[in-house]
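K.L.:
Dropping a prediction and its sequence here:
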Amino acid sequence: KCAEVAISSLPGIIEYLGYTFCFASVLAGPAYEYKFYADACDGSRLYDKNGKPRGKIPSQVWPTLRPLLGSLLCLGIFVVGSGMYPLLDPSDPQNASPVIITEEMLAKPMYARYAYSWLALFFIRFKYYFAWMNAEGANNIWYAGFEGFDVNGEPKGWEVSNNIDVIQFETAPNLKTLSAAWNKKTANWLARYVYMRTGGSLFATYGMSAFWHGFYPGYYLFFMSVPLISFCERLGRKKLTPRFGNGKKWSPYGILCIITTSLFVEYMIQPFQLLAYDWAVVNW
């Protein structure tokens, strides 16, 4: 996993700054490795040292258009859905009390408040889908998202720039699957450079993720709660899953896991959007 992204020589200052300020690195992602960036820049992923194609070079038209069209669809869903179910006060999101903890909302039954929150967070996710799909298409247009060729000269695919698997994320039966489908390239980075180097510490891994996001308390409330869910999930996978056919995804037990995962994660992630400590605690 790490050897395939290793570099054999130290890059120059121009190459280093080019990678650092490449839109995929400095904006929303995908945060792919330097080797993929360098190979796309010098063409070595497509051609050998003699300038001969390593295989039949695929067209980048559809790999560019597909995520672009998908991103536009996600943008529309986000605009319409978040307008109908805003989590924060649209008139003054930084200062006014969030819609989810207004007196009117708190007067409603718990299930109604939670259903509203679930819908609000569902639509908020589409702005992330939009950004990542848009960036995926932008990377694919210059083959930065192309994986290269196998030993037979056949194209491997365009996974390098793919940062989100929407269906897999929305139907994840466990936190491990859910985490792997969301912001995939950042998850890979955290696995390689934090998780593996700290002996598999979830607190160090998610603590680094919280630190990267910034200093709003909501980030830390969310990310520091993830190891607790992970511990419970691992216990359940060990003690319960073998008793129910090893947890086939679309079995009754698997569907129950999908619903449970969604309900728990949607609850724990609310501070990530509310950001402020007092808002998050009131909402929890």
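P.N.:
Arrived safely, thanks for sending.

K.L.:
Contact partners for the residue nearest to the spatial centre of the chain?
P.N.:
Nearest to the geometric centre of the chain sits Asn183, at 1.9 Å (Cα atoms, centre = their mean). Asn183 makes contact with 29, 128, 132, 163-164, according to Cβ atoms under 8 Å, 6 or more residues apart in numbering. (C-beta placed from N, C-alpha, C; glycine too.)

K.L.:
Those in helices, which ones?
P.N.:
128, 132 (DSSP state H).

K.L.:
Which of the contacts of Asn183 ranks first by neighbour count?
P.N.:
Asn163 (29 neighbours; other Cβ atoms under 10 Å).

K.L.:
Need the per-residue pLDDT for Tyr16.
P.N.:
Here the pLDDT value assigned to Tyr16 is 92.

K.L.:
meant to ask about Lys1, not that
P.N.:
Lys1 carries a pLDDT value of 68.

K.L.:
One more: His213?
P.N.:
Looking at His213, its pLDDT reads 92.

K.L.:
show me what contacts it?
P.N.:
Per Cβ under 8 Å, 6+ apart, neighbours of His213: 219, 223.

K.L.:
Number the chain from 57, please
P.N.:
I'll keep to 57 as the first residue from here, and by that count the last item is His269.

K.L.:
do you know how far it is from Ala80?
P.N.:
Taking Cβ to Cβ, to the nearest Å as the measure, His269 falls 18 Å from Ala80.

K.L.:
now Glu60
P.N.:
Separation of Glu60 from Ala80 (Cβ to Cβ): 19 Å.

K.L.:
and which of the contacts of Asn239 is nearest to Leu124?
P.N.:
Distance to Leu124 across the contacts of Asn239 (Cβ to Cβ) is lowest for Trp188, with 12.0 Å.

K.L.:
Am I right that that closest one is in contact with Ile220?
P.N.:
Yes: between Trp188 and Ile220 there is a contact under Cβ atoms under 8 Å: 4.7 Å.
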